[in-house]
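S.K.: Turn this into a model:
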Amino acid sequence: MTKKKLKPHFGKLSIILLVVIAVLIAADLLTKHFEEKYCWELTIIPDVVVIHYGVPNYGVAFGLDLGQIPILIVTFVLLAAMIFAFIILPNRFVLLKVAISMVIAGAIGNIVDRIALGYVRDWFGLWMFGRIAYCNFADFFIVIGAILAALDMLFLNEISVFPLTKKAKAFQAARKEEEERKKAESATTGNEVIKETEDKKEE
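M.R.: From the prediction side, this is the model:
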């Protein structure tokens, strides 16, 4: 049985996505800079969406504060895993690679804040469950990327858990047929070996 070796897949899609990652990081850091500089204060939808400058976030999601060093360590580990996945993932997994790119951009945007300031600059407020939660563009990139990745791996791509697309169903049907063919060949080979062994014993 031959083992498949992991190898990098870097083509036009990867180059385009690297540019996208750079643009997203710049967009996140620039909005953080401008909200501080110009003291953004705006109610977009009353009791739903507001913009408020200067909201430092020393923790992570849901107000969980683990301390900056542990948060940075976990973030760097997850970022390394995302970069590794981005490099080895074949370019035919377009949506999944786009999703990973968004997560990478968001993670880097917030890492820059934590290293430079010791906290993350939040400014976009959403009222949820009776309280307001502040976030930034990097957080949106991470959440949207994670949702897209989950949807793709669960329903859309060729190795999805519950394939819904024609391409995914066709790929999995072909893979199942290939596995059954290999099993049949293996069984036939095994029977031939047993028969040869029995023939030799009779001789």
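S.K.: ok, which stretches of the chain are strands?
M.R.: 41-45, 49-57, 120-128, 131-135 (DSSP state E).
S.K.: Would you mind giving those as TSV with mean neighbour count added?
M.R.: Bear in mind the C-beta positions are built from the backbone N, C-alpha and C, glycine included. What follows is these, written out as TSV (neighbours: other Cβ atoms under 10 Å):
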stretch	mean neighbour count
strand 41-45	11
strand 49-57	16
strand 120-128	19
strand 131-135	15
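S.K.: nearest to Val98, of these?
M.R.: strand 131-135 (20.7 Å; Cβ to Cβ).
S.K.: Just the angle for the closest one relative to strand 120-128, thanks.
M.R.: 140 degrees (axes from the mean of the first three to the mean of the last three Cα atoms, to 10 degrees).
S.K.: Quick check: which helices or strands does strand 131-135 pack against?
M.R.: Contacting strand 131-135 under the criterion 3 or more Cβ pairs under 8 Å, 6 or more residues apart in numbering; DSSP states H and E are the following elements: strand 49-57, strand 120-128.
S.K.: With respect to Ile111, which of those lies nearest?
M.R.: Nearest to Ile111, of all those, is strand 120-128, at 9.1 Å by Cβ to Cβ.
S.K.: tilt between the closest one and strand 49-57?
M.R.: Using the same axes, to 10 degrees: strand 120-128 against strand 49-57 is 140 degrees.
S.K.: Offset the numbering so it begins at 5, please.
M.R.: Noted, 5 is the first residue going forward, which turns the last one into strand 124-132.
S.K.: care to break the chain down by domain?
M.R.: Annotated domains of the chain cover 16-168, 179-207 [automatic domain parsing].
S.K.: Least reliable of these by average pLDDT, please.
M.R.: Lowest mean pLDDT within the domains of the chain: domain 179-207, a mean of 72.
S.K.: gap between the residue positioned nearest the centre of the chain and Lys170?
M.R.: In the chain, the residue lying closest to the centroid (Cα atoms, centre = their mean) is Ile104, at 3.6 Å. Per Cβ to Cβ, to the nearest Å, Ile104 is found 24 Å from Lys170.
S.K.: what does Gly71 give?
M.R.: Taking Cβ to Cβ, one finds Gly71 at 48 Å from Lys170.
S.K.: next one: Ala150
M.R.: Distance from Ala150 to Lys170, by Cβ to Cβ: 26 Å.
S.K.: closest to Thr79 out of the helices and strands packed on strand 135-139?
M.R.: strand 124-132 (10.5 Å).
S.K.: Cheers, nothing more for now.
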